[in-house]
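take a look and give me a structure for this.
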Amino acid sequence: MLILLLVDYKQLHKVWETLVELFQIYTQTVLTEHTHLGKKESLYYLISKVFLYRATLSVFKYKQYYSAFFDTPISSTNTFWYLEYKDTTPLSTIIEWIYTCENKSQEEFHNTINNGGNKEFDQIEKDLANVKNWASATVKLPPFPNILDVFDRAFRFHNIDEDRKQKYRFFLLIARFSTYCLKKMYDNYKEEEVTDLLNKLRGYFKSINTDFQIIFSAVNNDKSYQAINAELQETTDKGWFKVTLIDQFFNNCIKSEEFIAKGLMWAQSRYLEVHSADNNQNPDKDIYKVQQDLLNLLKSNNDAPSFIIEFFQGIIVEPNIKDYMKNIANCIDGYEILKQKSGYQNWLNEYQEVGNDIVFPWLKHWIDGLNFYYDKEFEQSLVAMKQAFETIRYSAGNRQIKFIEDYMLVALSQPNKNGNLQGWKDFKLAFKWGVFMNNFGAFPDFYSDKSDEELKTMFKKNKKAFKSCSTSIMDTRLLAKLLFHWKYDT
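Numbers count the residues shown, from 1 in each chain. Below is the predicted model:
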């Protein structure tokens, strides 16, 4: 669809980069953060703590890219048309914008009568009914090709030139995507929560736009850059002067981000070094204050873009983990139980005492699954691993990589019944999650997309190999390496 929509390869590449980057934000954060147990809660955490910042960088960057080629304002009154959903929607805004650009009413724009036959009248009525419903958000959003069909009929009838058609199609795509995302947010979260997120995002956009305009204005006033830009304006690459400037700005943002992150880490380590002999009851709160003071100093001295500083000020919150220290310690002990296979009962008593059956419910199931596995009670092992899989995907960070390996090994261990292969469905479930997380390199190379037929062939092969190996090797790390990752080692 993108290839059909954007015939210019450079524009197509930028749209694809945007979608890839947004997906990477999701998978990388799930892999690096211990988030929440449920998908809904985890996504809200990711959106509020990580995604807004990363999305601001990504969306602003590619919005600037597009503006270098699509010099077309959408709304003079609302800069954030793509974040509006209550009184209007992004899709309704773009539909009205197209009519305004063509200086036609809705009825005039979709009046595509050629010969006046009944079929034409019926089609016009259908098109008008559809766009009215889409603009009012009273019906389920249609697939994008349906929207494109309706508008392409009008584009052809009114002989709209290719450049304008391409702009309209592009913004219809963005508007449909934005409307879908906003609807999902309002459907799944409280209105005040969504309002807070959108206001925060608007604030980020305003700050980063201010930072960019300062640099853009300075460069535009430089005579050497003016000469280069003037030459490019006479060529087909006239938009690439701005693209180069955008790239330079974001490279500086990345450097500033790294600089600030290192500074905050240094402030923390320096504080601990200086006060290591003190009997400080709450050093985390003192470190928080030192780090915020550092950020305020950077902001007052203009040592970094204000947008980057505001992000760090937002994520460095006053610590309140004292009540969870026992939970965290018990969780770390649980990971050690997985390795040592001993001390389970004492750990379990503490696990229940501190309430980790609520905070980390998957950890007990995982440990139980491996204990059953080592005792060769394979069917019970699979039951426990299934229970762990329900919540571990969103709340165990990169520990899930090891869990998925263990889950597949337990699936391979299932004894066949009446000549029927057992464990296939669970092996497939675990592997497919690995494939999803491995989009763009989050998981090991083993998790490449395969058809069900290819995957089942691999399952049968590994099941035979497991049977021969497990008579002498039960260690899951070694077995996983032999069965899943051996050929990728160097």
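
how about the helices in the stretch 151-300 of the chain?
Assigned helices in the stretch 151-300 of the chain, in chain order: 162-188, 191-220, 223-232, 240-274, 283-300 (criterion: DSSP state H, counting those that start in this stretch).

what stretches of the stretch 1-150 of the chain score poorly on pLDDT?
The stretch 1-150 of the chain contains residues with pLDDT under 70 at 1-19, 21-22, 25, 29, 32-38, 66-77, 115-118.

which stretch in the helices of the stretch 151-300 of the chain has the least confidence?
Mean pLDDT per stretch puts helix 223-232 lowest among these, at a mean of 57.

can you give the contact residues for stretch 387-394?
30, 35-39, 42, 361-363, 365-366, 369, 399-400, 403, 407, 429-430, 433 (Cβ atoms under 8 Å, 6 or more residues apart in numbering). Backbone N, C-alpha and C define where each C-beta goes, glycine included.

go again using 6 Å as the cut-off
The contact list for stretch 387-394, computed with Cβ atoms under 6 Å, 6 or more residues apart in numbering, reads Thr35, Leu37, Lys39, Ser42, Pro361, Trp362, His365, Trp366, Gln400, Phe403.

flag every buried residue along that stretch.
If you call a residue buried by 16 or more other Cβ atoms under 10 Å, then stretch 387-394 has these buried ones: Gln387, Ala388, Phe389, Thr391, Ile392, Arg393, Tyr394.

what sits closest to the last one if chain neighbours are left out?
So the one you mean is Tyr394. Once flanking residues are discounted, Tyr394 sits nearest to Ser42: 3.9 Å by Cβ to Cβ, 6 or more residues apart in numbering.

what's the helix or strand for that neighbour?
Element membership for Ser42, per DSSP states H and E: helix 39-46.

that helix: how far from the chain's middle?
Relative to its parent chain, helix 39-46 has a centroid offset of 11 Å by Cα atoms, centre = their mean, to the nearest Å.

report the angle between the helix or strand just after it and helix 162-188.
As assigned by DSSP H and E, the chain's next helix or strand after helix 39-46 is helix 52-69. Orientation check (axes from the mean of the first three to the mean of the last three Cα atoms, to 10 degrees): helix 52-69 against helix 162-188 gives 160 degrees.

now do the helix or strand following helix 52-69: which elements does it pack against?
Downstream of helix 52-69, the first helix or strand assigned by DSSP H and E is helix 90-101. On a contact count with 3 or more Cβ pairs under 6 Å, 6 or more residues apart in numbering; DSSP states H and E, helix 90-101 meets helix 118-136, helix 162-188.

hang on, the earlier thing: CSV for the helices of the stretch 151-300 of the chain, including distance to Arg54 and mean neighbour count?
Output for the helices of the stretch 151-300 of the chain, formatted as CSV (distance: least, Cβ to Cβ, whole Å; neighbours: other Cβ atoms under 10 Å):
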stretch, distance to Arg54, mean neighbour count
helix 162-188, 15, 17
helix 191-220, 10, 15
helix 223-232, 30, 12
helix 240-274, 11, 15
helix 283-300, 19, 15
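
in TSV, list the ones you listed along with distance to Asn349.
Shown next, in TSV, are these (distance: least, Cβ to Cβ, whole Å):
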stretch	distance to Asn349
helix 162-188	38
helix 191-220	38
helix 223-232	69
helix 240-274	32
helix 283-300	28
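
which stretch among those comes nearest Leu52?
helix 191-220 (5.3 Å; Cβ to Cβ).

mind giving me the packing neighbours of that closest one?
Secondary-structure packing of helix 191-220 (3+ Cβ pairs under 6 Å, 6+ apart): helix 52-69, helix 240-274, helix 306-315.

run the angle between that helix and helix 39-46 for me.
Interaxial angle, helix 191-220 versus helix 39-46 (the same axes, to 10 degrees): 40 degrees.

which strand or helix spans Glu108?
helix 106-109.

contacts for that helix next, please.
Contacts for helix 106-109 (Cβ under 6 Å, 6+ apart): Tyr99, Ala154.

return the distance of that helix from the chain's centre.
39 Å.

in that helix, what counts as buried?
Within helix 106-109, the residues that qualify as buried by neighbour count (16+ other Cβ under 10 Å) are Gln106, Phe109.

export it as CSV, just CAs?
What follows is helix 106-109, C-alpha atoms only, in CSV (Å, rounded to 0.1, in the frame of the first residue of the first chain):
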residue,chain,number,x,y,z
GLN,A,106,-18.4,17.9,0.0
GLU,A,107,-21.3,17.4,-2.5
GLU,A,108,-19.4,19.1,-5.3
PHE,A,109,-16.2,17.2,-4.7
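
about what we covered before: now the contacts of stretch 387-394 in a markdown table, with distance to Lys376?
Converted to a markdown table, the contacts of stretch 387-394 look like this (distance: Cβ to Cβ, whole Å):
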| residue | distance to Lys376 |
| --- | --- |
| Thr35 | 34 |
| Leu37 | 30 |
| Lys39 | 34 |
| Ser42 | 35 |
| Pro361 | 25 |
| Trp362 | 23 |
| His365 | 18 |
| Trp366 | 18 |
| Gln400 | 25 |
| Phe403 | 20 |
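
for the residues you listed, which entry has the maximal number of neighbours?
Trp366 (28 neighbours; other Cβ atoms under 10 Å).

before we move on, which element is it in?
Following DSSP H and E, one finds Trp366 within helix 361-374.

residues contacting that helix, please?
With Cβ under 6 Å, 6+ apart as the contact definition, helix 361-374 has outside contacts at Gly334, Ile337, Gln380, Ser381, Ala384, Met385, Gln387, Ala388, Thr391, Ile392, Phe403, Val410.

tell me which of the helices and strands packed on helix 191-220 sits nearest to Asn130.
Closest of the helices and strands packed on helix 191-220 to Asn130 is helix 52-69, at 26.7 Å (criterion: Cβ to Cβ).

and the angle for that closest one with helix 306-315?
Counting by the same axes, to 10 degrees, helix 52-69 lies at 160 degrees to helix 306-315.

what packs against helix 52-69?
helix 9-32, helix 191-220, helix 240-274.

report the buried residues of it.
52-66, 68-69.
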